[in-house]
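**Q** Structure for the following, please:
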Amino acid sequence: MKERMGQLPRARKKGLVIEELPGEVLVYDLERHKAHCLNETAAMVWRHCNGRTSIARIAERLQHELKAPVEHEVVGLAIEQLEAARLLGDGTGRPKQNGGLTRREVIRKLGYAAAVGLPLVTSIMAPRAVEAVTCAIVCSGDASCIATPGCPPRCVNSTCVP
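**A** Numbering: from 1, shown residues only. As a prediction, this is how the structure comes out:
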(Lines give C-alpha, C1' and ligand atoms only; values in the text may rest on other atoms or scores of the structure.)
Protein backbone atom coordinates (compact mmCIF):
# COMPACT_ATOMS: atom_id res chain seq x y z
CA MET A 1 0.00 0.00 0.00
CA LYS A 2 2.78 2.46 0.83
CA GLU A 3 4.12 2.33 -2.73
CA ARG A 4 0.64 3.23 -4.00
CA MET A 5 0.04 6.28 -1.80
CA GLY A 6 1.65 8.62 -4.35
CA GLN A 7 -0.35 7.15 -7.24
CA LEU A 8 -2.62 9.57 -9.10
CA PRO A 9 -5.42 7.34 -10.43
CA ARG A 10 -7.58 8.52 -13.33
CA ALA A 11 -11.11 7.22 -13.93
CA ARG A 12 -11.70 5.94 -17.43
CA LYS A 13 -14.54 7.75 -19.20
CA LYS A 14 -14.31 6.64 -22.85
CA GLY A 15 -16.29 3.62 -23.94
CA LEU A 16 -18.44 3.59 -20.82
CA VAL A 17 -22.15 4.11 -20.23
CA ILE A 18 -22.61 5.48 -16.70
CA GLU A 19 -25.88 5.49 -14.77
CA GLU A 20 -25.96 7.18 -11.36
CA LEU A 21 -28.51 5.68 -8.98
CA PRO A 22 -29.17 6.37 -5.29
CA GLY A 23 -26.39 4.63 -3.35
CA GLU A 24 -24.63 3.12 -6.38
CA VAL A 25 -23.31 3.70 -9.87
CA LEU A 26 -23.82 1.31 -12.77
CA VAL A 27 -21.11 1.31 -15.44
CA TYR A 28 -21.31 -0.60 -18.71
CA ASP A 29 -18.01 -1.10 -20.53
CA LEU A 30 -18.80 -1.01 -24.26
CA GLU A 31 -15.34 -2.34 -25.18
CA ARG A 32 -15.36 -5.40 -22.93
CA HIS A 33 -19.15 -5.94 -22.73
CA LYS A 34 -19.07 -6.00 -18.94
CA ALA A 35 -21.41 -4.35 -16.49
CA HIS A 36 -20.08 -3.09 -13.15
CA CYS A 37 -21.97 -2.00 -10.07
CA LEU A 38 -20.05 0.32 -7.76
CA ASN A 39 -21.42 0.69 -4.26
CA GLU A 40 -21.52 4.16 -2.76
CA THR A 41 -17.97 4.04 -1.37
CA ALA A 42 -16.41 2.70 -4.57
CA ALA A 43 -18.38 5.26 -6.62
CA MET A 44 -17.15 8.11 -4.43
CA VAL A 45 -13.54 6.99 -4.86
CA TRP A 46 -14.02 6.61 -8.64
CA ARG A 47 -15.46 10.13 -8.93
CA HIS A 48 -12.32 11.54 -7.27
CA CYS A 49 -9.94 9.69 -9.60
CA ASN A 50 -9.07 12.63 -11.86
CA GLY A 51 -5.37 11.92 -12.44
CA ARG A 52 -4.36 14.81 -10.18
CA THR A 53 -5.50 13.58 -6.78
CA SER A 54 -3.45 11.15 -4.70
CA ILE A 55 -4.92 8.24 -2.78
CA ALA A 56 -4.14 10.05 0.48
CA ARG A 57 -6.01 13.16 -0.73
CA ILE A 58 -8.96 11.05 -1.93
CA ALA A 59 -9.18 9.55 1.59
CA GLU A 60 -9.21 13.07 3.06
CA ARG A 61 -11.99 14.15 0.67
CA LEU A 62 -14.10 11.10 1.50
CA GLN A 63 -13.59 11.73 5.19
CA HIS A 64 -14.87 15.30 4.71
CA GLU A 65 -17.87 14.20 2.57
CA LEU A 66 -18.87 11.32 4.84
CA LYS A 67 -18.08 13.20 8.04
CA ALA A 68 -16.49 9.98 9.33
CA PRO A 69 -12.96 8.59 9.44
CA VAL A 70 -11.80 6.98 6.19
CA GLU A 71 -8.63 4.90 6.25
CA HIS A 72 -6.22 5.01 3.30
CA GLU A 73 -6.59 1.22 3.06
CA VAL A 74 -10.26 1.67 2.16
CA VAL A 75 -9.36 3.93 -0.75
CA GLY A 76 -6.53 1.59 -1.76
CA LEU A 77 -8.96 -1.34 -1.80
CA ALA A 78 -11.36 0.64 -4.01
CA ILE A 79 -8.49 1.51 -6.38
CA GLU A 80 -7.51 -2.18 -6.59
CA GLN A 81 -11.08 -3.16 -7.47
CA LEU A 82 -11.48 -0.35 -10.00
CA GLU A 83 -8.19 -1.38 -11.65
CA ALA A 84 -9.28 -5.02 -11.77
CA ALA A 85 -12.55 -3.92 -13.43
CA ARG A 86 -10.49 -1.80 -15.88
CA LEU A 87 -12.35 1.35 -14.90
CA LEU A 88 -9.15 3.33 -14.45
CA GLY A 89 -7.19 4.63 -17.42
CA ASP A 90 -3.75 5.93 -18.33
CA GLY A 91 -1.79 2.81 -17.54
CA THR A 92 -3.55 2.07 -14.26
CA GLY A 93 -5.89 -0.45 -15.84
CA ARG A 94 -4.16 -3.59 -14.55
CA PRO A 95 -4.13 -4.80 -10.96
CA LYS A 96 -0.71 -4.64 -9.33
CA GLN A 97 0.85 -7.84 -8.03
CA ASN A 98 1.04 -7.79 -4.22
CA GLY A 99 -0.02 -4.14 -4.10
CA GLY A 100 -2.36 -3.30 -1.25
CA LEU A 101 -4.49 -5.26 1.15
CA THR A 102 -7.27 -7.67 0.30
CA ARG A 103 -10.83 -6.95 1.38
CA ARG A 104 -10.46 -9.60 4.11
CA GLU A 105 -7.25 -8.01 5.42
CA VAL A 106 -8.87 -4.56 5.51
CA ILE A 107 -11.84 -5.97 7.46
CA ARG A 108 -9.47 -7.58 9.96
CA LYS A 109 -7.52 -4.36 10.34
CA LEU A 110 -10.47 -1.99 10.64
CA GLY A 111 -12.94 -4.31 12.34
CA TYR A 112 -16.17 -5.85 11.13
CA ALA A 113 -18.21 -2.72 11.92
CA ALA A 114 -16.25 -0.83 9.25
CA ALA A 115 -16.97 -3.55 6.66
CA VAL A 116 -20.35 -2.01 5.83
CA GLY A 117 -18.66 1.04 4.31
CA LEU A 118 -16.02 -0.88 2.36
CA PRO A 119 -15.91 -0.33 -1.37
CA LEU A 120 -17.35 -3.03 -3.58
CA VAL A 121 -17.21 -3.35 -7.36
CA THR A 122 -19.36 -6.18 -8.71
CA SER A 123 -18.91 -7.15 -12.37
CA ILE A 124 -20.79 -9.39 -14.78
CA MET A 125 -20.34 -10.26 -18.45
CA ALA A 126 -23.18 -9.11 -20.65
CA PRO A 127 -24.59 -11.93 -22.79
CA ARG A 128 -24.31 -11.75 -26.54
CA ALA A 129 -27.65 -11.38 -28.34
CA VAL A 130 -27.72 -15.05 -29.29
CA GLU A 131 -27.13 -16.03 -25.66
CA ALA A 132 -29.98 -13.83 -24.47
CA VAL A 133 -32.55 -15.68 -26.61
CA THR A 134 -35.01 -17.96 -24.83
CA CYS A 135 -35.08 -21.24 -26.69
CA ALA A 136 -38.34 -23.02 -27.27
CA ILE A 137 -38.34 -26.44 -28.88
CA VAL A 138 -41.40 -28.42 -29.88
CA CYS A 139 -41.06 -32.07 -30.87
CA SER A 140 -43.62 -33.91 -32.91
CA GLY A 141 -44.34 -37.61 -32.73
CA ASP A 142 -42.15 -38.27 -35.78
CA ALA A 143 -39.06 -36.96 -33.93
CA SER A 144 -38.94 -33.66 -35.85
CA CYS A 145 -38.28 -30.48 -33.91
CA ILE A 146 -39.31 -26.89 -34.37
CA ALA A 147 -37.01 -24.46 -32.54
CA THR A 148 -36.79 -20.73 -31.97
CA PRO A 149 -34.46 -19.18 -34.59
CA GLY A 150 -30.91 -19.23 -33.28
CA CYS A 151 -31.53 -22.27 -31.06
CA PRO A 152 -30.21 -25.71 -31.97
CA PRO A 153 -33.13 -28.15 -32.33
CA ARG A 154 -32.42 -31.68 -31.16
CA CYS A 155 -34.83 -34.53 -30.68
CA VAL A 156 -33.95 -37.85 -29.12
CA ASN A 157 -36.63 -40.56 -29.19
CA SER A 158 -39.40 -38.01 -29.85
CA THR A 159 -38.17 -35.92 -26.92
CA CYS A 160 -36.63 -32.48 -27.37
CA VAL A 161 -33.15 -31.99 -26.01
CA PRO A 162 -32.07 -28.33 -25.82
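**Q** just for the chain, where's the confidence low?
**A** Screening the chain residue by residue with the criterion pLDDT under 70, one finds the ranges 1-6, 90-117, 127-162.
**Q** now do 50
**A** Within the chain, the segments meeting pLDDT under 50 span 1-3, 92-98, 112-113, 115-116.
**Q** Let me know whether Trp46 touches Val75 as I believe.
**A** No - the pair Trp46 and Val75 fails to qualify as a contact (Cβ atoms under 8 Å) at a distance of 10.7 Å. Every residue, glycine included, has its C-beta placed from N, CA and C.
**Q** Could you give the number of residues near the closest residue to Ile58 other than its chain neighbours?
**A** Excluding the flanking residues, the one nearest Ile58 by Cβ to Cβ, 6 or more residues apart in numbering is His48, at 4.5 Å. By the criterion of other Cβ atoms under 10 Å, His48 has 21 neighbours.
**Q** need the contact list for His48.
**A** Applying Cβ atoms under 8 Å, 6 or more residues apart in numbering to His48 gives the contacts 58, 61-62.
**Q** all helices for the chain, in order.
**A** Here the chain has its helices, by DSSP state H, at 40-48, 55-66, 72-84, 103-110, 129-132.
**Q** Which among those helices is found nearest to Leu8?
**A** With distances scored as Cβ to Cβ, the stretch of the helices of the chain nearest to Leu8 is helix 55-66 (8.5 Å).
**Q** Quick one: residues in contact with the closest one.
**A** 4-7, 9, 41, 44-45, 48-49, 53, 69-72, 74-76, 79, 117.
**Q** What's the ChimeraX line that selects buried ones from those?
**A** Buried members of these, identified by 16 or more other Cβ atoms under 10 Å, are gathered into one ChimeraX selection as follows:
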select :4,7,9,41,44,45,48,49,70,72,74,75,76,79,117
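**Q** Could you find the closest non-adjacent residue to Arg52?
**A** Closest residue to Arg52 apart from its sequence neighbours, by Cβ to Cβ, 6+ apart: Leu8 at 6.1 Å.
**Q** That neighbour is in contact with Ser54, isn't it?
**A** Yes - Leu8 is within contact range of Ser54, at 6.0 Å (criterion: Cβ under 8 Å).
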